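> Generate a structure from the sequence data that follows.
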Amino acid sequence: MAIDWKTEEIICLSEAAKRLKVDNSTVWRWCHRGLGGIYLEYKSVGVQTFTTIDCIETFLIALTEKNIDYHQKVFSQRLKIKKTKRASQHQREADSAKAILLRAKILRDDKPKAASI
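The predicted model follows:
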């Protein structure tokens, strides 16, 4: 997306930093090095560097979407691991409790006994 100098609100990077409440170097780094592969679009005129409100908005939305995708992926992987651990752990605990109850003769073993001839 190219910056439209005629229609967009153009601001210098220091103004962008003030509005976002971050250091000037942070905004400069977002432009030149990016963040997680996402770059803030900018234009340089002489020694001054400019961006637009729309570019900042696009940058922040892209970061948010990337962050959401990442966390959904990690969360779903962790959830799968926890479910399998919980199910197997739960089964072991249930088997252990049943064995204790059987030994204490609180619970009867309802398994049919083989008929002897």
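
> contacts, neighbours, all on C-alpha from now
OK.

> what's the weakest-modelled helix or strand in this structure?
When each helix and strand of the chain is scored by mean pLDDT, DSSP states H and E, helix 53-103 comes last, with a mean of 79.

> What is that one packed up against?
Contacts defined by 3 or more Cα pairs under 8 Å, 6 or more residues apart in numbering; DSSP states H and E place helix 53-103 against no helix or strand at all.

> Confirm T49 sits in a strand?
Yes. In this structure, T49 lies within a strand as judged by DSSP: H, G, I helix; E, B strand; the rest coil.

> what about it, how many neighbours?
A total of 15 residues lie near T49 under the criterion other Cα atoms under 10 Å.

> count of neighbours near V22?
V22 is flanked by 12 other residues according to other Cα under 10 Å.

> And K21, by the same measure?
Neighbours of K21 (other Cα under 10 Å): 9.

> got the phi/psi numbers for it?
When read as degrees, to the nearest 10, the backbone of K21 gives phi 60, psi 50.

> measure it to I106 for me?
67 Å (Cα to Cα, to the nearest Å).

> And L40, by the same measure?
70 Å.

> what's the angle between the least confident helix or strand of the chain and strand 48-52?
60 degrees (axes from the mean of the first three to the mean of the last three Cα atoms, to 10 degrees).

> just how off-centre is helix 53-103 within its chain?
12 Å (Cα atoms, centre = their mean, to the nearest Å).

> cool, stretch 39-51 as well?
In terms of Cα atoms, centre = their mean, the centre of stretch 39-51 is set 30 Å apart from its chain centre.

> Buried residues in it, which are they?
Y39, L40, E41, Y42, F50, T51 (16 or more other Cα atoms under 10 Å).

> Quick check: mean pLDDT of that stretch?
Along stretch 39-51, the predicted local confidence has a mean pLDDT of 91.

> neighbouring contacts of it?
3, 10-13, 16, 27, 30-34, 52, 55-56, 59 (Cα atoms under 8 Å, 6 or more residues apart in numbering).

> same thing but 10 Å
Contact with stretch 39-51 is made by 1-3, 5, 8-16, 27-34, 52, 54-60, 62-63, as judged by Cα atoms under 10 Å, 6 or more residues apart in numbering.

> any idea how far W28 is from the residue nearest the centre of the chain?
With distances taken as Cα atoms, centre = their mean, the residue of the chain nearest its centroid is H71 (1.7 Å). Between H71 and W28 the distance, using Cα to Cα, works out to 27 Å.
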